[in-house]
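>>> sequence first, predicted model second:
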Amino acid sequence: MVSINKAISIVKNTGQKISKKTIKSVEKAGGYILYEDITSPINMPPFRQSAMDGYALNIHDKLSYKLIGEVKAGDAHQPILQKGEAIRIFTGAAVPDTANAVMMQEKVILTNTGIKIEHPINEELNIRPQGEQVKNGSVALKKGTKLTPAAIGYLLSLGITDVPVFKKPNIAIVTTGNELIEPGQKLSYGKIYESNSKMLLSALYNLKFYDVTIHKVEDDYQKTVNKLKSVINTNDLVLITGGISVGDYDFVGKALSELQVEELFYKVKQKPGKPLFFGKKEKSLIFALPGNPAAALSCFYVYVYIALQNMMNRNNTELPRTEAISDSTFIKHGDRPQFLKAIYKEGHVIILEGQNSSMLQTFAISNALVYVPAEINTIQKGDLLQTILLPE
């Protein structure tokens, strides 16, 4: 059995980067990591652009200007302004080459013949210069950038439609257990609805990992060996739920041994999630998670999350942690460190009732996990607690 810190360290040091390149359309590339630098094919903005609704001026030494026309956003014509002339202009419109300032409309007085400004103005006022954001041929985004919604919008604003990104891992989820049936079927005596696979699928989708398949295997040794051999050979990451303990019908550990999966650790001194296995075979990583749903999901956030980030070249990234003030009291039983479902808000955290590893009801309303070290048995209101913030 290993400690939590040792288990996390092993996962961090078992780097399995996905180094293959794939091309994605920009609008479907959210969450991916850029495989190489992206250079801009245009200047942005592509022309001198008005930053305000107002009036574009050809500045002279007087405060009155003759109004000769108008330019809206999207207009292609270029009015020629002589000294002392102005045009009405709108935010985002192209500023004519003969204009050298834009005065916002709130500071302009309309007259019978044009406009009047109450004080002198500086050249290039309220004009966005061509290429202010990025110049044609320069690097728009560097290799290794994670494509956030803002990055997607930025690339599209440059007219870029496809980008090279690091391929995301192929992931297989394997559930075990004869007692499991699909939701929607009649619940007969002795059976329970299977939820772990779709729960983990949802967690992966939430992190924008979409290349996921789900597999079910009966509590049969040879079928377990065959199924695990197949998914390990064809996936970068395999998540198994259930069957990793030492019961008569828990065949996962024996099957992994027969398949010569290298055991990196088995069993972690923690609650929930003690019977956690982590191993590798060639280029595949394998996590055998506990069958209890809350334990499986806790292990996913603490350990699997790190492995996923490593695969995407975001080395050793854990979920964010913060210290929060406890608004609850709690008595911890046993000598193992615990991860407790909790609600975090504005620097405070509430530890929820119903911490059993088989119960998801509490997890369903939590947005954090509170880490309680082995040496702490009692939490009082006002204590500072290490809190892991879960993905929204």
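Good, I have the coordinates.

>>> per-residue pLDDT, the residue sitting nearest the centre point of the chain?
Centroid check for the chain by C-alpha atoms, centre = their mean gives residue 207 as the closest residue, at 5.1 Å. Per-residue pLDDT puts residue 207 at 92.

>>> that one and residue 31 touch, don't they?
Yes: using C-beta atoms under 8 Å, residue 207 is in contact with residue 31, at 7.3 Å. Any C-beta I mention is one placed from the backbone N, CA and C, and that applies to glycine too.

>>> any idea how far the closest residue in space to residue 117 that isn't next to it in sequence lies from residue 88?
Nearest residue to residue 117, sequence neighbours excluded (C-beta to C-beta, 6 or more residues apart in numbering): residue 63, at 4.9 Å. If you measure residue 63 against residue 88 using C-beta to C-beta, to the nearest Å, the figure is 18 Å.

>>> between those two, who's got more neighbours?
residue 88 (18 against 13; other C-beta atoms under 10 Å).

>>> give me the pLDDT value at the residue nearest to residue 117.
As predicted, residue 63 sits at a pLDDT of 93.

>>> just the one 3 residues further on next, same as before
What the model reports as pLDDT for residue 66 is 96.

>>> just give the number of residues close to it.
Residue 66, neighbours per other C-beta under 10 Å, totals 14.

>>> confirm for me that it is in contact with residue 83.
No: the pair residue 66 and residue 83 does not pass the contact test of C-beta under 8 Å, sitting 10.1 Å apart.

>>> Three-state assignment for residue 55, please.
Three-state assignment for residue 55 (DSSP: H, G, I helix; E, B strand; the rest coil): strand.

>>> bridging across strands, which residues link to it?
residue 88, residue 103 (DSSP bridges).

>>> with residue 268 instead?
For residue 268, the beta-bridge partners are residue 2 (DSSP bridges).

>>> find me the pLDDT at it, would you?
We have a pLDDT of 97 for residue 268.

>>> next, count neighbours for the residue nearest to residue 377 when sequence neighbours are not counted.
Using C-beta to C-beta, 6+ apart and skipping the chain neighbours, the partner closest in space to residue 377 is residue 332 (5.1 Å). By other C-beta under 10 Å, 18 other residues sit near residue 332.

>>> just residue 347 next, same as before
10.

>>> tell me who's in contact with the residue nearest to residue 33 when sequence neighbours are not counted.
Spatially, and ignoring its direct neighbours in sequence, residue 33 is nearest to residue 166 (4.7 Å; C-beta to C-beta, 6+ apart). Residue 166 makes contact with 18, 19, 20, 21, 22, 32, 33, 34, 35, 312, 313, according to C-beta atoms under 8 Å, 6 or more residues apart in numbering.

>>> repeat that for residue 200.
Contacts of residue 200 (C-beta under 8 Å, 6+ apart): 173, 239, 241, 289, 296, 297, 300.

>>> quick one: which of those is nearest residue 179?
Residue 179 has its nearest neighbour among the contacts of residue 200 in residue 241, at 12.8 Å by C-beta to C-beta.

>>> gap between that closest one and residue 305?
Relative to residue 305, and taking C-beta to C-beta, residue 241 is found at 16 Å.

>>> select the longest helix from this structure.
Counting residues, the longest helix in the chain under DSSP state H turns out to be helix 221-234.
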